[in-house]
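S.K.: Here is my input, please return the structure:
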Amino acid sequence: MRSNDQQIRFCKSSDGVSLAYATIGKGPPLVKAANWLNHLEYDWKSPVWRHWIVELSRHHTFIRYDERGCGLSDWNVEGFSLDAWVNDLEAVVDAAGLERFPLLGISQGGPIAIAYAMRHPEKVTHLILYGSYAAGLRQCALPPKVTEEAEVFLQLIKVGWGKKHSAFRQVFTSLFIPEATPDQANWFNELQRVSSTPENAARMLDAFFNLDVRDLAAQLKIPTLILHAKGDLRVPFIEGRRLAALIPGSRFVPLDSNNHILLSTERAWQHFLTEVRDFLGVSATEQQTIWKTRSIDTKSSRVPPRDQWKEISSLFERAVDLGSSERNELLSQISNSEVRREVESLLKQAGSGSLTPGLNELVQDSLRSFDAAYDNLAGRTIAHYHILEKLGEGGMGTIYKARDPRLDRLVALKFLPHYFSSQPELKLRFVQEAKSAAALDHPNICTVFEIAETAGGQLYISMPCYQGETLKDKIDRGPVDIDEALKYVTQGAGALADAHSAGIIHRDIKPANLFVTHNGQLKILDFGVAKVTDVSLTGTGVLVGTVNYMSPEQASGKFVDHRTDMWSLGVVFYEMLTGKHPFSGESGSISIYAIQHEQPESVRTLRQEVPESIDRVLARLMAKEPADRYETFNEFLTAIAPNS
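M.R.: So this is what the prediction gives:
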């Protein structure tokens, strides 16, 4: 096959998988390990990838290939693993008849390139790693929130990857190339759809999470250049620095970009090419001819000397797992201000506790885009309900205000989104929410009128349309009056006591799920992640709920009982009295480490008029060990009664 100057051929890997590879350009070979996702023909025409192919083939015969499971290679693949990917690279190198060559690894191609270089050091002359890492997230000691976000990634791929509407794929485009033009974004959206099936894309990503070449990287004796965009949303900048610290004698180059895939119009792309060509020995005269009159300042950003990277990385690894006081003490002992600034920068990124910064916002934006296209129900009639307006959105659904003409009353209808309706587990959880609430008859628990399904298979719950506001709205305005806070916490405790006696644990008590009606009555909302005796909707170690309000045992993925709700209500009570979360740091961030290991500041330190007895009650509610909390909410109500 031939596409312009690109020649496409096929070979077979050791397990019989057919691989498509392409060569273009003249000169000594330069091989690129495959990464997620490729399509040889589509990439060649793409405004996202074409400049990579053109420039990297200007002085070399550039060889690249489609990964197993995507592009022109076999899609019917049994396994995805590091060994299989390295075997694929071996097959391409052998088919192309290569003896010695530099090897480029981009993103997930980096670990594959490292493993190949260790297996065949006699073949690899230089190693270039861009936007890469040494260990997948499942191989790292990361907070539970990261695991949650990883599952969100996989779920989005399985649900929406192949759909015509691009909202789901836009999540990934926004992470890979946030500064893309509309044309570039559209191309990348379409690349995802045409390059692989949703199942293969999810399986590949799941396998990438398990990669770990740290031991191999530490043994490399090949000249290595590592480049990483400072604002990379897909693979955080920290990972590039960690990789540089692992590989002996490697050179690290930060790039001023927010894009995981560098675009042709940004200065970071020119910087990248200059560094790579210098590394590969392309003469300055040849490079000057390429850039003509364009000049680039590769020294515009301050970069620490090479011999400081290992010190910075070592200090970061020591500091990241420390509590705030121990961490501050360690930082105060760093005499070099530049080293300290770099370590603090890494800690700030790590403190976000996220698979990738801004993921939640990107996901929500894309899901809202999907809703706007398919779920704008205002003005429609569902069953006998006349939809009036959208009231809000939550993790398990969208809520609309509607009129029930049969009884001439206003109701709130909560719809499970279309993009979740195809998932049996999520439908079961939604039904469980309705059943849990309907099984309870308590004035402080939201009533459920009915659960039904639209003609299109979308589940919804009908509930009263209360007038008032959430506790979150109240707390956002500042501390709540002490008597008022006592009233709300006792009402909530009474409702939870009733739920617990029925074998139902809420597991997501937080201010946003506690509604105060216009006459001051508290209503507990959203039993979407409730745990019911003898009913299991989530596997062991799977986190459900809201991290900021999880008990220590819930945040660890351990077994939870009714006392996890005590912890959460204690956190809400503390917030009502002080206006702040008990485990928020100076920056306002809340870490799993603090929840599990640190003690909150006494509420009386922040608000002296709070009685000491309430301070003692809060200490019991938020005890780290469940056994140290109240046995039941009735015991708590007895303890709090003298203050009410």
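S.K.: Could you use CA atoms for every contact and neighbour count after this?
M.R.: Will do.
S.K.: so residue 187 makes contact with residue 45?
M.R.: No. With contact defined as Cα atoms under 8 Å, residue 187 does not reach residue 45; the gap is 9.5 Å.
S.K.: ok, those two, which is more surrounded?
M.R.: residue 187 (19 against 13; other Cα atoms under 10 Å).
S.K.: Quick check: that one vs residue 509, distance?
M.R.: 43 Å (Cα to Cα, to the nearest Å).
S.K.: Then residue 105?
M.R.: 45 Å.
S.K.: do the same with residue 92
M.R.: For residue 92, the distance to residue 509 - Cα to Cα - is 55 Å.
S.K.: What of residue 13?
M.R.: 52 Å.
S.K.: cool, and residue 523?
M.R.: 11 Å.
S.K.: and what of residue 582?
M.R.: From residue 582 to residue 509 the distance is 15 Å (Cα to Cα).
S.K.: Compare these two and say which is more crowded by neighbours.
M.R.: Comparing residue 582 with residue 509 by neighbour count (other Cα under 10 Å), the higher total belongs to residue 509, at 28 against 24.
S.K.: out of everything not next to it in sequence, what's closest to the more buried one?
M.R.: residue 568 (5.7 Å; Cα to Cα, 6 or more residues apart in numbering).
S.K.: Give me the phi and psi for the one you found.
M.R.: phi -60, psi -40 (degrees, to the nearest 10).
S.K.: and what of residue 613?
M.R.: According to degrees, to the nearest 10, residue 613 has phi -60, psi -30.
S.K.: And for it, the neighbour number?
M.R.: Neighbours of residue 613 using other Cα under 10 Å come to 13.
S.K.: cool, and residue 573?
M.R.: 26.
S.K.: give the contact list for it.
M.R.: By Cα atoms under 8 Å, 6 or more residues apart in numbering, the residues touching residue 573 are 485, 489, 618.
S.K.: cool, residue 411 as well?
M.R.: So residue 411 contacts 401-404, 462-465 (Cα under 8 Å, 6+ apart).
S.K.: Where does it sit: helix, strand or coil?
M.R.: strand (DSSP: H, G, I helix; E, B strand; the rest coil).
S.K.: Tell me the spacing between it and residue 640.
M.R.: 35 Å.
S.K.: Likewise for residue 442?
M.R.: From residue 442 to residue 640 the distance is 20 Å (Cα to Cα).
S.K.: residue ranges with poor pLDDT in the stretch 251-400 of the chain?
M.R.: Within the stretch 251-400 of the chain, the ranges that satisfy pLDDT under 70 run 283-310, 313-314, 316-317, 320-325, 345-375, 393-397.
S.K.: one more time with 50, if that's ok
M.R.: Along the stretch 251-400 of the chain, segments meeting pLDDT under 50 span 287-303, 306, 352-355, 370-371, 373-374.
S.K.: ranges for the helices of it?
M.R.: For the stretch 251-400 of the chain, the helices defined by DSSP state H, counting those that start in this stretch occupy 267-280, 284-291, 309-319, 324-332, 337-350, 359-374.
S.K.: just the stretch 451-600 of the chain next, same as before
M.R.: Counting by DSSP H, counting those that start in this stretch, the helices of the stretch 451-600 of the chain are 471-476, 482-501, 552-555, 563-578, 592-597.
S.K.: Kindly report the same for the stretch 1-150 of the chain.
M.R.: Under DSSP H, counting those that start in this stretch, the stretch 1-150 of the chain gives helices at 40-45, 50-56, 82-96, 109-119, 144-160.
S.K.: and residue 411, how far is that from residue 202?
M.R.: Counting by Cα to Cα, the gap from residue 411 to residue 202 is 39 Å.
S.K.: and the residue nearest to residue 509, what does it touch?
M.R.: Residue 568 neighbours (Cα under 8 Å, 6+ apart): 508-510, 549-551, 622.
S.K.: Generate TSV for the residues you listed, with distance to residue 211 and pLDDT as supplementary columns.
M.R.: TSV is the format used below for the contacts of residue 568 (distance: Cα to Cα, whole Å; pLDDT from 0 to 100):
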residue	distance to residue 211	pLDDT
508	33	84
509	36	91
510	36	91
549	32	87
550	29	85
551	31	88
622	38	95
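S.K.: Let me have these in a markdown table, extended by distance to residue 262.
M.R.: Shown next, in a markdown table, are those (distance: Cα to Cα, whole Å):
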| residue | distance to residue 262 |
| --- | --- |
| 508 | 41 |
| 509 | 43 |
| 510 | 41 |
| 549 | 39 |
| 550 | 39 |
| 551 | 42 |
| 622 | 48 |
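S.K.: and stretch 444-457, what's its mean pLDDT?
M.R.: Taken as a whole, stretch 444-457 has a mean pLDDT of 83.
S.K.: brain fart, stretch 68-82
M.R.: In the prediction, stretch 68-82 has an average pLDDT of 91.
S.K.: got the contact list for it?
M.R.: The contact list for stretch 68-82 (Cα under 8 Å, 6+ apart) reads 17-20, 37-40, 66-67, 85, 88, 112, 194-197, 200-201, 203-204, 207, 211.
S.K.: Which stretch among the helices of the stretch 1-150 of the chain is buried most, on average?
M.R.: helix 109-119 (a mean of 24; mean count of other Cα atoms under 10 Å).
S.K.: Quick one: work out the angle between that helix and helix 82-96.
M.R.: 70 degrees (axes from the mean of the first three to the mean of the last three Cα atoms, to 10 degrees).
S.K.: Next, the contact list for residue 623, please.
M.R.: Going by Cα under 8 Å, 6+ apart, residue 623 touches 567, 629.
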